[in-house]
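**Q** Turn this into a model:
(one chain, ligands or ions: 1)
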Amino acid sequence: MARQDSGSLPRENPCAQCGKPISRPDWVEHGEGRTSYLWNCRACNYRFEAIAIYEPEQVITPLAA
Ligand SMILES: [Zn+2]
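**A** Below is the predicted model:
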């Protein structure tokens, strides 16, 4: 009965093929500095992966010659 409220979880992501919103990802994999979401569209059976990369500081290091 307890509602699982994961605030960081993306929801209603539109399907990459037919555009129908998918309520929640089928599979979530947490990696280093990134989270992979596997979306499974029930409307057209299309599956695709979306990766969220979160880096607190994105430092662009110029290549030293
Ligand atoms: Zn779809």
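**Q** what's the burial count for residue 31?
**A** 9 (other CB atoms under 10 Å). In short, each C-beta sits where N, CA and C put it, glycine included.
**Q** ditto for residue 22
**A** Neighbours of residue 22 (other CB under 10 Å): 21.
**Q** Need phi/psi at it.
**A** phi -100, psi 130 (degrees, to the nearest 10).
**Q** which residues touch it?
**A** Going by CB atoms under 8 Å, 6 or more residues apart in numbering, residue 22 touches 12-15, 39-42.
**Q** Return the members of the residues you listed classed as buried.
**A** Neighbour-count burial (16 or more other CB atoms under 10 Å) applied to the contacts of residue 22 gives 13, 15, 39, 41.
**Q** Pairing partners for the first one in the sheet, please.
**A** When bridges are assigned using DSSP bridges, the partners listed for residue 13 are residue 22.
**Q** Would you check that it makes contact with residue 38?
**A** No. Using CB atoms under 8 Å, residue 13 is not in contact with residue 38, being 10.9 Å away.
**Q** Please name the spatially closest residue to residue 17 (chain neighbours excluded).
**A** In space, and not counting its chain neighbours, residue 17 is closest to residue 46: 4.0 Å by CB to CB, 6 or more residues apart in numbering.
**Q** Spit out the contact partners of the one you found.
**A** By CB under 8 Å, 6+ apart, residue 46 lies in contact with 15-18, 40.
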